[in-house]
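J.: Here is a sequence together with a model predicted from it:
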Amino acid sequence: MTAPVFVDTNVLLYAMDTADAEKHRAASAWRVELWKSRRGRLSYQVLQEFYVQAVRKNPQGADAAEAEVRDLFAWDPVVVDAAVLEAAWRLRRRYSLSFWDALVVGAANYTFTLGSYEFNGIVLGSIGALVSYQVLRLLGARGAGR
């Protein structure tokens with residue numbers, strides 16, 4: 001298990017826009033990898049920004065932008081709720097970020113609650129690494145015992 005990767009609007013836009021070939025290739029490859037690994041993560045804010053910018057660049061591409069947003073629902077978008085807004089305000093003040101950038105960072109550092117335990121950001125990545133290690137260790141032990 002590997003930690004999710006939070007994707008910002010620009011990656012989605014570059015993956016659809018061929019005007020800058022190098023950025024298009026890199027963003028497309030990254031997007032394909034995230035689909036294959038099922039690690040892509042984003043927020044509804046990112047989806048909204050993507051749709052607005054994609055249609056602004058290409059008004060005839062509204063249907064394609066809508067289809068892309070619908071596909072990306074599979075990435076389980078983070079809902080911008082009161083907790084995300086509070087985090088964004090704290091980040092904006094502490095790091096002098098724009099509100100929109102702080103909102104993206106606040107959504108990326110989402111929290112997962114299991115019973116009375118809360119896991120967020122780096123903790124989720126660490127848990128993923130530990131679980132992966134233990135599963136591979138067990139598989140290796142089974143293979144060595146044959």
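T.: Great, that's in hand.
J.: Pop the domain breakdown of this structure in here.
T.: 5-78, 110-146 (automatic domain parsing).
J.: give me the number of residues near the closest residue to Asp76 other than its chain neighbours?
T.: The shortest distance from Asp76 to any non-neighbouring residue, by C-beta to C-beta, 6 or more residues apart in numbering, is to Arg41 (6.9 Å). C-beta: built from backbone N, CA, C; applies to glycine. Number of residues near Arg41 (other C-beta atoms under 10 Å) recorded here: 19.
J.: quick one, what contacts Arg41?
T.: 4-7, 75-78, 108, 110 (C-beta atoms under 8 Å, 6 or more residues apart in numbering).
J.: Tell me where the model's unsure across the protein.
T.: 1-2, 110-146 (pLDDT under 70).
J.: beta partners of the residue nearest to Asp76?
T.: As for beta bridges, Arg41 partners with Phe6 under DSSP bridges.
J.: returning to that earlier point: most neighbours out of the contacts of Arg41, which is it?
T.: Val7 (24 neighbours).
J.: If anything else comes up later, I'll come back, but that's it for now.
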